[in-house]
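# Quick one: sequence plus predicted model below, questions after.
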Amino acid sequence: MKILPTVRDVILAPGNGSFFYDDQSAIREGAAQDGFRYLGTPLTPGFTSIRMPARSLSIGLVLWDDVIVWGDMMNVQYSGAGGRDPVFQLEAIQALTKSVVIPRLLAADVSQFLGACERVLAYHEDKRLPLAVEYGVSQALLRAAAHIARTTMVEVICSEYHLPLPDEPVPIYAQSGDSREINVDKMILKSVGVLPHGLINSREKFGPSGERFREFVKWVAKRTKEIGEPGYHPILHFDVYGWIGQEIGMDAEKIADFIARVADDVPGYRLHIECPADFGSTAAQLEGYAKIVAILDRRGTEARVVVDEQCNTLDDVRLFANAKAAHLVQIKMPDVGSIADSARAVLACKESGVGAYVGGSCTETDLSARAAVNIAVATQADMILARPGMGVDEGLSIVGNEQNRLLCILNYRRRQGSWPNAKAVSA
């Protein structure tokens, strides 16, 4: 008699994210730093201090054969900002998981990834589950499907979404945190494909009329030539957390003018500017970014606009992609929720001819980062964020090595002609 692949039990392990949750509103208002912490009263609901240690919750599915597969729940660094879910509350997430999610898991057939996600992550009391819950549970469900099929998670995604098996790496993008110069050097010495993020999240870092930021951009380009390997020519990607709009005004023409000037500062480099402005809502962001993109396209610059804030869920990603309201969409996986939706988001961007950047947060864990690599490789996204943490080396190691291992496995199976039966995991 055939045994149905089921979850026999579920276990939960409270844990830590790899960085901190930060109150973006308080930081934008000029909260002073004292060493590593911020001083003052938090402004975003749910924060007990402006900078809080990131927490996580691991969910382990005890399968019928006693193998345990895991996924990690957490929120992003700037929780509660830009239309995102509120900051992670461990006790509340744990209680909801026990009362709502675990009974669903115990009744699920976990051999089919998409079907299991649909059933287990269904609405509760006419509301979507917290996105952190979707994120962690879907990771565990993907690992369960891969275990049952005896394949990698990449192969499960390719089978269920009818995608060709990949053979190319996805470019990796590293973020510097506040240790800009040292971490930029690390990235260049390791020949990172996309760099450096820069964490331009305050007026002090952006500078009057953006001059301090422009000087930093020029320094990064100059540094790649000074210490990079011959022929090294990365994409320059900077997250400015809305400060172009904050500092020079919310007029699309003025924002595009500034971005074009920055591109002119570093001729020959592809320049990505993430979150040039935050217009305050998804609808306003959609309209404003579409105007900025159209202006830049008419000018034929090497600058590209990347949307992050106000573009969170799969529905949001589809809106921005269809409207061409960005050259590149950050699919910030903990904000999207289910990793099944992150895969759909990449494919939606590709269908619309818009770049897809599989992003995430420094607050994630090694486990969630490795799951993200499988999504990015399977869908052949345009780039993936090295995470977790802010240390550069750790994120590059976790994401880069996972990608290299996956491609090595797929290449080995090609050489051996020993592909598993894809029907075992087809939808």
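Okay, I see it.

# Every contact and neighbour count from this point should use C-alpha atoms.
Noted.

# show me where the stretch 251-400 of the chain has helices.
According to DSSP state H, counting those that start in this stretch, the stretch 251-400 of the chain carries its helices in the segments 252-265, 282-299, 314-322, 333-336, 339-352, 366-379, 393-416.

# Would you mind measuring from Lys225 to Val266?
Distance, Lys225 to Val266, by CA to CA, to the nearest Å: 12 Å.

# Looking at those two, which has the bigger crowd around it?
Val266 (19 against 14; other CA atoms under 10 Å).

# ok, that one touching Arg223?
No: using CA atoms under 8 Å, Val266 is not in contact with Arg223; the gap is 11.8 Å.

# returning to that earlier point: any chance of CSV for the helices of the stretch 251-400 of the chain, columns mean neighbour count and mean pLDDT?
Below are the helices of the stretch 251-400 of the chain laid out as CSV (neighbours: other CA atoms under 10 Å; pLDDT from 0 to 100):
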stretch, mean neighbour count, mean pLDDT
helix 252-265, 19, 97
helix 282-299, 18, 97
helix 314-322, 21, 97
helix 333-336, 28, 97
helix 339-352, 22, 98
helix 366-379, 24, 98
helix 393-416, 16, 95
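
# Compare those helices and give me the one nearest Leu61.
helix 366-379 (14.3 Å; CA to CA).

# gap between the closest one and the chain center?
10 Å (CA atoms, centre = their mean, to the nearest Å).

# List the contacts of Leu396.
172, 174, 386-387 (CA atoms under 8 Å, 6 or more residues apart in numbering).

# same thing but at 6 Å, please
Going by CA atoms under 6 Å, 6 or more residues apart in numbering, Leu396 touches Ala386.

# Over to Ser25. Which of the three states is it?
State at Ser25, reduced to three classes by DSSP: H, G, I helix; E, B strand; the rest coil: helix.

# Now do it against Gly40, distance only.
12 Å.

# just to revisit the earlier point, just put the helices of the stretch 251-400 of the chain in TSV and tack on distance to Ile188.
Shown next, in TSV, are the helices of the stretch 251-400 of the chain (distance: least, CA to CA, whole Å):
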stretch	distance to Ile188
helix 252-265	19
helix 282-299	28
helix 314-322	31
helix 333-336	26
helix 339-352	27
helix 366-379	22
helix 393-416	12
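
# Could you point out which of those sits nearest Tyr21?
It's helix 333-336; of these, that one is closest to Tyr21 (CA to CA) at 13.2 Å.

# That closest one packs against which elements?
Where contact means 3 or more CA pairs under 6 Å, 6 or more residues apart in numbering; DSSP states H and E, helix 333-336 is not packed against any helix or strand.

# Residues in contact with that helix: which ones?
75, 135, 312-313, 360.

# which of the residues you listed has the most neighbours?
Asn75 (32 neighbours).

# Make sure that residue is indeed in a helix.
No: according to three-state DSSP, Asn75 belongs to no helix; its state is coil.

# quick one: terminal-to-terminal distance for stretch 140-160?
One end of stretch 140-160 to the other measures 16 Å (CA to CA).

# i'd like the first residue to be 401 from this point on
Sure, I'll start numbering at 401, so the last one becomes stretch 540-560.

# ok, and for that stretch, which residues are buried?
Judged by neighbour count using 16 or more other CA atoms under 10 Å, the buried positions of stretch 540-560 are 540-549, 551-560.

# ok, what's across the strand from Asp409?
Val462 (DSSP bridges).

# Which ones among the buried residues of stretch 540-560 map onto helices?
Among the buried residues of stretch 540-560, the ones falling in helices (DSSP state H) are 540-549, 553-560.
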